[in-house]
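J.: sequence unknown, structure follows:
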């Protein structure tokens with residue numbers, strides 16, 4: 001049974017990790033949420049949050065981050081994974097070669113953010129992850 005926790009190993013913790021995700025230049029927007037991803041060689045997704053002061057007060061920013069962390073915690077095991085091409089690259093023992101993504105979620109200030117619910121956040125995160133996974137696979141096929 002999968003654990004629905006959010007340990008430090010599932011987080012982006014350094015500026016260079018955020019820069020790597022932004023540098024990969026694969027992002028999509030849904031509602032007030034923007035998701036940027038980059039394939040990693042880990043058997044799971046890692047999440048980073050970037051919420052600007054333009055979003056609103058500290059209360060609004062913290063609420064957006066709290067809802068996003070909870071949504072990620074709930075859907076992390078259902079998010080799409082990519083398969084490592086070579087058996088030695090990217091494949092952690094016991095994962096069958098399935099690797100996750102590094103993801104950064106950011107928000108822009110809109111009315112939708114004020115009334116955002118956990119269910120909406122889960123739908124946006126899940127939908128954006130599926131869309132970006134498909135685009136990432138096309139990018140990998142092209143070379």
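T.: Looks like it came in fine. This structure is a prediction, so every number in the text was calculated from the model and none was measured.
J.: Please make it C-alpha for all contacts and neighbour counts, starting now.
T.: Fine.
J.: what residues are up against residue 126?
T.: Contact analysis of residue 126 by C-alpha atoms under 8 Å, 6 or more residues apart in numbering lists 75, 79.
J.: cool, the one 3 residues further on as well?
T.: Contacts for residue 129 (C-alpha under 8 Å, 6+ apart) come out as 35, 79-80.
J.: Secondary structure element holding it?
T.: Assigned by DSSP states H and E, residue 129 belongs to helix 118-142.
J.: Any regions of this protein where pLDDT drops low?
T.: Along the chain, the model assigns pLDDT under 70 to residues 1-2, 84-97, 143.
J.: can you tell me which residue is nearest the centre of it?
T.: Centroid-nearest residue in the chain: residue 103, 3.3 Å away (criterion: C-alpha atoms, centre = their mean).
J.: Which residues are in contact with residue 136?
T.: Counted by C-alpha under 8 Å, 6+ apart, residue 136 has contacts residue 26.
J.: quick revisit: how distant is the helix holding residue 129 from the center of its chain?
T.: 9 Å (C-alpha atoms, centre = their mean, to the nearest Å).
J.: now do stretch 27-46
T.: For stretch 27-46, the separation from the chain centroid amounts to 3 Å (computed by C-alpha atoms, centre = their mean).
J.: buried set for that stretch?
T.: 27, 29, 32-46 (16 or more other C-alpha atoms under 10 Å).
J.: Let's verify the residue lying closest to residue 133 once chain neighbours are set aside: helix, strand, or coil?
T.: Once flanking residues are discounted, residue 133 sits nearest to residue 80: 6.6 Å by C-alpha to C-alpha, 6 or more residues apart in numbering. Under DSSP: H, G, I helix; E, B strand; the rest coil, residue 80 falls in the coil class.
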